[in-house]
Structures are given as structure tokens and as C-alpha cells.
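Peer 1: From the sequence below, what's the structure:
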Amino acid sequence: MALPAHDGAISDPMATVRELPLPGAPLAEVVAALEARYDPALAEDWDAVGLVCGDPAEAVRSVLFAVDPTAAVVDEAIESGVDLVVTHHPLLLTPVHGVPADDPKGAIVHRLIRAGIGLFVAHTNADRAADHGVNDALAAALGVGGTVPLESVAAPLTDTLVVFSPVQDSDRLVDALSAAGAGVIGDYTRCAWQTTGTGTFIPGDETHPAIGSHGTLERVPETRLEMVVPRAQREEVVRALHEWHPYEDPGYAFFENSSTPTRAGLGRLGTLNHPITLREFAERAAAVLPATAAGVRVAGDPDRLVRTVAVCGGSGGSLMAAAAAAGADVFLTSDLKHHPVSEAMEVAGPALCEVAHYASEWPWLPVAADVLHRDLGARVDVAVSRRRTDPWTLHVPQAAYAEVGGSSAG
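Peer 2: Numbering: from 1, shown residues only. Okay, here's the model as predicted:
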């Protein structure tokens, strides 16, 4: 999917939607697919991510991705007839006690519900995602490869579930355990190891065996099934195990896994294919990111050579020290403050490149849309909003600057 036209023109954002209705998928399934990619556990404690409104049982046939849940984006969603809007920024980030229709945020909720449109938010969990997240998308747009997180998060603790079931029931059990959260390894789902053998048991007098008779030795062809389970989801997986296993008392055990490296974390650090000047890097950023009134600002020598690049979509000022410690030649982010930038220019460290908050996060939209489309197949159409939701509307260039008090006249 291409970046939006820098002139802000809006053609038909849902031009890819087919004339014939798609079969769709339940909203609950769409949410599960999004959360499998953008784990809510990665979100900051203060964040508000997940489903804001919408009936989990309703079918979703088309999804619109946008940075901000603004009135303009809702207009676009209604005009396009989509069933779900996925935004990066939350609508209700701060706690509220109501959503009356005469409140700006409440009005958005009411309009979405009246139109039968759901709203889903992936914010700091999308920032920290191990793959297909905001920072991977930003780095890729700038031509930065071989990326690693600037600030890693601890890998979630996992265990391996071992359970035995009749051979004929093993596939159905794998499906149920996968739906409960088991069997996820990196970008792969429904991961399972299965071997077959013979299970033996003698049902007691007070049992109600699915197979066999009281007091009689039974020999049953069984599958030994092993699946990775996030420790935080063990309870759900065990509940699914008891619900779907044919045995009255299924035999199972959990074994603790060693921690594994993860790509989850804030920011990204990588390299360009070949060095370019800071000026050329800033020009590249201006060319590949959506045009905004603020444009691109640079702190540092424009002729400095840049090869190692650090990026952080959104407000990344807290990662300036991490970028310097990682040996970055330039750090691109948004919302930098005067004093930290001024102090950074007094020491040896990366040059700084500042772009609009909206522009730094926009590259994630086509990535997330493509991933959802691949995960759900041809049942759901996806599109990226063409509405520019950056709040700034005008930039007035000044004459070439000179020393304070000096003349800038030509």
C-alpha cells in the first residue's frame, strides 16, 4: 500500500472493497487476530487499548486503519461503509464517567454505534510489538534494516504443556488449546509437537470413563501433545483443556521454559545500505513520510555522515540517551523539547531529526492492514485512511536565519 498523497487529496479510500459482499468474520475473531499481533500485555499501564465499542458477535467485512479517532475519520468510515475502525491513538485515554452525545468524544462513540461501526485501539502495544509494529514500519519506510529494539522488554514467561489424548481427538484439542492462547512461537500460531504411543489405565468403580470399563485394563492409541503456553494464559488453557478433552481426568503437566530473546520493545536501531549526509537523510524522511505543516527539523551538522539510525514513532524523547549509548548517528522521533535537544548538541552523540507525531506513526497503518488481511484471508477487506489527522494546519517559512541580531536580508 502506498503512502498517502502529500497534497492531501482524497480519492476513494475504500476503492479496494469488492462490489460483492464478503463473508466477513465475527468482530471477536478480528479482535483476537489484532491482539495476537499486538499483545495488550505490552501496553503501558496508563494506556487504554483494545475494543472501545462494537458487538463481538457482529460480522466485520471491512476495516479502516487510521492514526487518530477524529470526527473526520468517523466521517470517512461512515461514507465508506466499513464495519470497524482501527486506530493507533486511543479515543478515551483518560478515565471518563460517561460519553454523552454533546461531548466531542461522546459524539464520536454515538456516531460509531449508530452507524454499526466498531472501534479498536492498538497504541503502546503496537509501539512495542516484536514484529509489524510502529517502529519496524517507520524504520522500513526510511530504509533502515537489520533493526533491534532500542529499549527491549522482558520476554513473557512461558511453559510447555504436555497432555495425552486419544489419537482421533488430538487435532480438535490442538484447535481448542490454540484458541485459548497456546502454541504461539514468534510469528507462528497453532504450533504443536505430536507423537503417538499406547496409553494404559484401569477405570475405578466411581469413575465415568469415556473409554473402557470399570476394573478392566485398557490400552488406547494416544497422542502425546506438547504446546508452548504463556504463563499469563495458563488458566485459560487449562480451562479449554478440561472442556475439550474427552477424558474425565486428562493427564497433563507443565514444564518451565527458559527465557528466549524477543524483538519486543520501544524504538528501533539499524543501518542504512550506505552512508548519506544528515541533510540527505532528512530529505528522505520528508519524501517518504506524509507531508505535514511542521515538516522535518534537524539538529546537527547537515553534512555529517549517517549510517547507524535510531527511530521511535511518536514521542521518543525518553530514548535519546539509549540512542546515544547505542552509537546512533541520528535519532528520528517526534515531540522533542528545547532543553534536552540543546543539551544533546553540547556533547558527542547522535544528530536529531524531528518529524510530526502523526507522520512518524502513519507508516504502521498499511503494515497493520496488510497483516490483518493476511491473517483473516479474503473474508475481510482493509483500507488505510486518507484523512490527514495531524492537528497543525499551517507553517509560515521565515527568511534564512542568521545570528540573533544579525541581518537576514539578501
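Peer 1: The residue sitting nearest the centre point of the chain sits in which helix or strand?
Peer 2: Centroid-nearest residue in the chain, with C-alpha atoms, centre = their mean: residue 126, separated by 3.1 Å. Applying DSSP states H and E as the criterion places residue 126 in helix 124-127.
Peer 1: So what touches that helix?
Peer 2: Around helix 124-127, the neighbours that count as contacts under C-beta atoms under 8 Å, 6 or more residues apart in numbering are 38-44, 47, 49, 88, 133-135, 266, 313-314, 364, 368. No exception for glycine: its C-beta is placed from N, CA and C like everyone else's.
Peer 1: same thing with stretch 291-305?
Peer 2: 6-8, 275-279, 282, 285-286, 289, 329-330, 341, 344-345, 350-356, 358-359, 388, 390, 392-395.
Peer 1: who's in contact with the residue lying closest to residue 68 once chain neighbours are set aside?
Peer 2: Spatially, and ignoring its direct neighbours in sequence, residue 68 is nearest to residue 389 (3.9 Å; C-beta to C-beta, 6 or more residues apart in numbering). Taking C-beta under 8 Å, 6+ apart, we find residue 389 in contact with 66-68, 70, 72-73, 358.
Peer 1: Of those residues, which count as buried by neighbour count?
Peer 2: Among those, those classed as buried by 16 or more other C-beta atoms under 10 Å are 66-68, 70, 73, 358.
Peer 1: Got the phi and psi for the residue nearest to residue 240 when sequence neighbours are not counted?
Peer 2: Spatial nearest neighbour of residue 240, chain neighbours left out: residue 180 (3.8 Å); criterion: C-beta to C-beta, 6+ apart. Phi and psi for residue 180, reported as degrees, to the nearest 10, are phi -90, psi 0.
Peer 1: What is the neighbour count of residue 180?
Peer 2: 20 (other C-beta atoms under 10 Å).
Peer 1: Which of the contacts of residue 389 fall in strands?
Peer 2: residue 66 (DSSP state E).
Peer 1: Out of the contacts of residue 389, name the ones that lie in helices.
Peer 2: 72-73, 358 (DSSP state H).
Peer 1: Closest one of those residues to residue 192?
Peer 2: residue 73 (40.3 Å; C-beta to C-beta).
Peer 1: how much space between that closest one and residue 297?
Peer 2: Distance, residue 73 to residue 297, by C-beta to C-beta, to the nearest Å: 27 Å.
Peer 1: in the sheet, who's paired with the closest residue to residue 35 other than its chain neighbours?
Peer 2: Closest residue to residue 35 apart from its sequence neighbours, by C-beta to C-beta, 6+ apart: residue 50 at 7.4 Å. Beta-bridge partners of residue 50, counted by DSSP bridges, are residue 121.
Peer 1: Looking at the buried ones among the contacts of residue 389, which is nearest residue 322?
Peer 2: Relative to residue 322, the closest of those is residue 358; by C-beta to C-beta it sits at 23.3 Å.
Peer 1: so residue 22 sits right up against residue 382, yeah?
Peer 2: No. Contact criterion C-beta atoms under 8 Å: residue 22 and residue 382 do not qualify, at 10.9 Å.
Peer 1: what's the nearest residue to residue 384 if we skip its chain neighbours?
Peer 2: Residue 384 sits nearest to residue 365 (C-beta to C-beta, 6+ apart), 4.6 Å away.
Peer 1: so that neighbour is in which element?
Peer 2: helix 364-376.
Peer 1: Any buried residues in that helix, and which?
Peer 2: Buried, per 16+ other C-beta under 10 Å, within helix 364-376: 364-369, 371-373, 375-376.
Peer 1: so how far is residue 182 from residue 263?
Peer 2: For residue 263, the distance to residue 182 (C-beta to C-beta) stands at 21 Å.
Peer 1: These two: which is more packed in?
Peer 2: It is residue 182, of residue 263 and residue 182, that has more neighbours when counted by other C-beta under 10 Å, with 29 against 19.
Peer 1: Hmm, that one is touching residue 159, no?
Peer 2: No. The criterion here is C-beta under 8 Å, and residue 182 misses it with residue 159 at 9.8 Å.
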